[in-house]
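[1] Return atomic coordinates for the entry below.
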Amino acid sequence: MKDRKWILPLIVIAQFCCTSLWFAGNGVMTDLSKSFGLDSQALGHLTSAVQFGFISGTLVFAFLTIADRFSPSRVFFVCAILGAIFNLGVIWDGNSFGSLFIIRFLTGFTLAGIYPVGMKIAADYFQKGLGKSLGFLVGALVLGTAFPHLLKNFTGDLPWRFVIFFTSAIAAMGGVLMLLFVPDGPYRSGSQQLDLSLLFKVFNSKPFQSAAFGYFGHMWELYAFWAFVPVMLQSFQKVHPESALNIPLLSFLIIGLGGLACMVGGYISESVGVKKTAFYALLLSCLCCLTSPVIFYMNSSAVLISFLIFWGLVVIADSPLFSTLVAQNATASSKGTALTIVNCLGFAITIVSIQLISLLHETIDAKFLYVFLAVGPILGLISLSAKNQEQSTSKNLK
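    This next block holds a predicted model:
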């Protein structure tokens with residue numbers, strides 16, 4: 001495609017379509033529990049299965065430097081088609097918890113060739129304004145993640161399998177869009193040889209380390225928050241049944257509106273600076289973790305919903321900014337591997353936080369549960385505040 005003005009919208013659309021696979025199971029979790037006799041901890045386990053699959057996939061992709069050695073658009077396409085096929089496995093009547101776990105694991109594995117590879121493709125097209133570009137891209141991820149909840153809301157009278165069919169269909173469409181209309185970018189500098197040392201070399205830069213550890217702190221909080229948004233609303237509904245909350249729609253809004261925060265954060269970063277914008281977004285989400293018990297004690301649905309919407313905005317606003325910092329502080333030939341390995345480690349951290357919250361949910365008062373999510377942002381803020389010993393390659397890091 002010669003007209004590059006359409007490249008970013010096409011990448012964004014493809015990313016949205018394919019990342020709808022991520023929480024497709026979460027959007028119909030109640031139905032899955034009823035259909036296959038799952039217990040109360042299935043949410044945490046099946047969400048972690050996707051994360052574990054993504055981690056395994058990113059580890060393989062990074063180990064083999066796939067995103068740097070092969071055409072990223074073709075990698076994206078193949079993974080989108082495979083992800084759509086694996087996602088359809090959820091509708092099989094003979095599923096058990098074990099088979100669902102494997103299916104969601106394989107879906108997560110294919111997402112390793114979609115999310116970080118999509119960012120790699122954007123970085124190959126946009127060197128200037130990369131923070132803004134990745135803001136739109138991660139915004140698409142957020143909307144894609146939230147989309148199954150919206151589908152569930154509007155298809156309440158249809159079989160739950162419709163959500164699975166639809167997410168698979170649009171994922172395949174996203175892959176085709178990327179293959180046909182988004183060729184390799186002008187700034188792509190592919191690595192032609194397998195170089196396993198890249199896994200370690202990317203961490204030699206102090207600014208890269210700062211960005212990566214800030215991202216890790218952010219990820220400790222992000223997916224645990226997203227996974228438990230419906231649980232927070234359900235907990236409130238049990239205590240206040242008169243509130244009659246529309247949980248699927250509210251879950252979509254709380255998670256999905258974060259996409260706007262990614263885009264706005266990208267524009268703000270152009271004037272304020274990428275690192276500073278990421279720092280303050282992480283600080284605000286940290287404060288949400290720490291003040292959550294106060295909000296839950298207020299027993300007001302309006303206050304709770306407003307608070308969760310704000311939390312949903314700030315919890316994701318820094319994500320594209322951290323990816324921008326990672327991309328800016330990696331060499332052109334290792335950019336894909338750098339983004340992939342950082343994603344791999346970040347999502348490994350999400351499994352720990354999701355399982356911790358799932359375990360604690362059975363033992364402590366829910367009002368105090370989400371304070372534990374503040375641990376990651378606190379450590380991330382410390383990393384971002386540390387003095388780097390070498391000069392950054394980008395003025396945005398100043």
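[2] contacts and neighbour counts: CA atoms only from here.
    OK.
[3] Could you pull out the buried residues of stretch 314-330?
    For stretch 314-330, burial by neighbour count (16 or more other C-alpha atoms under 10 Å) applies to 314-330.
[4] Go through the residues you listed and flag which are in helices.
    Among these, the members found in helices (DSSP state H) are 314-317, 319-328.
[5] Out of those, which is nearest to P230?
    Proximity of these to P230 (C-alpha to C-alpha) peaks at V315, which lies at 16.0 Å.
[6] Can you pull out the low-pLDDT segments for the stretch 101-250 of the chain?
    Scanning the stretch 101-250 of the chain for pLDDT under 70 picks out 156, 189-202, 204.
[7] Helices of that one, start to end?
    Using DSSP state H, counting those that start in this stretch, the helices of the stretch 101-250 of the chain run over 115-125, 130-154, 161-181, 198-201, 206-239, 247-256.
[8] Out of those, which gets nearest to L100?
    Nearest of these to L100, taken as C-alpha to C-alpha: helix 161-181 at 13.0 Å.
[9] does the closest residue to A317 other than its chain neighbours count as helix, strand or coil?
    Closest residue to A317 apart from its sequence neighbours, by C-alpha to C-alpha, 6 or more residues apart in numbering: C262 at 4.5 Å. Here C262 is recorded as helix under DSSP: H, G, I helix; E, B strand; the rest coil.
[10] May I have the residues that are in contact with C262?
    Neighbour list for C262: 135-136, 138-139, 316-320 [criterion: C-alpha atoms under 8 Å, 6 or more residues apart in numbering].
[11] Output those residues as TSV; include the columns distance to F126.
    Formatted as TSV, these follow (distance: C-alpha to C-alpha, whole Å):
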residue	distance to F126
G135	12
F136	12
V138	15
G139	17
I316	21
A317	20
D318	19
S319	17
P320	14
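[12] Just give me the closest of those to E221.
    For those, the nearest to E221 is I316 (9.6 Å; C-alpha to C-alpha).
[13] Now do the closest one against M263, distance only.
    Noted for I316: a distance of 10 Å to M263, by C-alpha to C-alpha, to the nearest Å.
[14] With W92 instead?
    Between W92 and M263 the computed distance is 38 Å (C-alpha to C-alpha).
[15] Looking at the two now, which is surrounded by more residues?
    Higher neighbour count among W92 and M263: M263, with 22 against 11, using other C-alpha atoms under 10 Å.
[16] Nearest to K34, out of the helices of the stretch 101-250 of the chain?
    K34 sits nearest to helix 161-181 of all these, at 13.0 Å, using C-alpha to C-alpha.
[17] and the helices of the stretch 101-250 of the chain as TSV, adding mean neighbour count and distance to F63?
    Formatted as TSV, the helices of the stretch 101-250 of the chain follow (neighbours: other C-alpha atoms under 10 Å; distance: least, C-alpha to C-alpha, whole Å):
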stretch	mean neighbour count	distance to F63
helix 115-125	25	14
helix 130-154	26	24
helix 161-181	21	23
helix 198-201	15	7
helix 206-239	22	18
helix 247-256	23	32
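[18] Can I get those helices in a markdown table including distance to H45?
    Below are the helices of the stretch 101-250 of the chain laid out as a markdown table (distance: least, C-alpha to C-alpha, whole Å):
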| stretch | distance to H45 |
| --- | --- |
| helix 115-125 | 21 |
| helix 130-154 | 17 |
| helix 161-181 | 19 |
| helix 198-201 | 29 |
| helix 206-239 | 11 |
| helix 247-256 | 19 |
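[19] I'd like to know which of those is closest to F52.
    Closest of the helices of the stretch 101-250 of the chain to F52 is helix 206-239, at 12.5 Å (criterion: C-alpha to C-alpha).
[20] packing partners for that closest one?
    Using 3 or more C-alpha pairs under 8 Å, 6 or more residues apart in numbering; DSSP states H and E, the elements in contact with helix 206-239 are helix 42-63, helix 247-256, helix 301-317, helix 319-328, helix 335-360, helix 375-385.
[21] hmm, 6 Å instead?
    Counting contacts by 3 or more C-alpha pairs under 6 Å, 6 or more residues apart in numbering; DSSP states H and E, helix 206-239 is packed against helix 319-328, helix 335-360, helix 375-385.
[22] Tell me which of those sits most buried.
    Of all the helices and strands packed on helix 206-239, helix 319-328 carries the top mean neighbour count, a mean of 26, counting by mean count of other C-alpha atoms under 10 Å.
[23] what residues does it touch?
    Identification of contacts with helix 319-328 by C-alpha atoms under 6 Å, 6 or more residues apart in numbering yields 131, 134-135, 138, 208, 211, 215, 274, 278, 335.
[24] go with 8 Å
    Helix 319-328 has contacts (C-alpha under 8 Å, 6+ apart) with 123, 130-131, 134-135, 137-138, 208, 211-212, 214-215, 218, 262, 265-266, 269, 274-275, 277-278, 335, 338-339, 393-394, 397.
[25] and the angle for that helix with helix 335-360?
    Orientation check (axes from the mean of the first three to the mean of the last three C-alpha atoms, to 10 degrees): helix 319-328 against helix 335-360 gives 140 degrees.
[26] Let me know the average pLDDT across helix 319-328.
    Helix 319-328 shows a mean pLDDT of 87.
[27] Compute the inter-axis angle for it and helix 115-125.
    Angle of helix 319-328 versus helix 115-125, following the same axes, to 10 degrees, is 60 degrees.
[28] Would you check that Y223 makes contact with T350?
    Yes: the pair Y223 / T350 is scored as a contact, 6.1 Å apart, by C-alpha atoms under 8 Å.
[29] Might you quantify the distance of the helix or strand encompassing A67 from its chain's geometric centre?
    For A67, the enclosing helix or strand under DSSP states H and E is helix 66-69. Taking C-alpha atoms, centre = their mean, to the nearest Å, one finds helix 66-69 lying 21 Å from the centre of the chain it belongs to.
[30] What is the following helix or strand past it packed up against?
    Where DSSP H and E defines the elements, the next helix or strand beyond helix 66-69 is helix 72-88. Secondary-structure packing of helix 72-88 (3+ C-alpha pairs under 8 Å, 6+ apart): helix 97-111, helix 115-125, helix 161-181.
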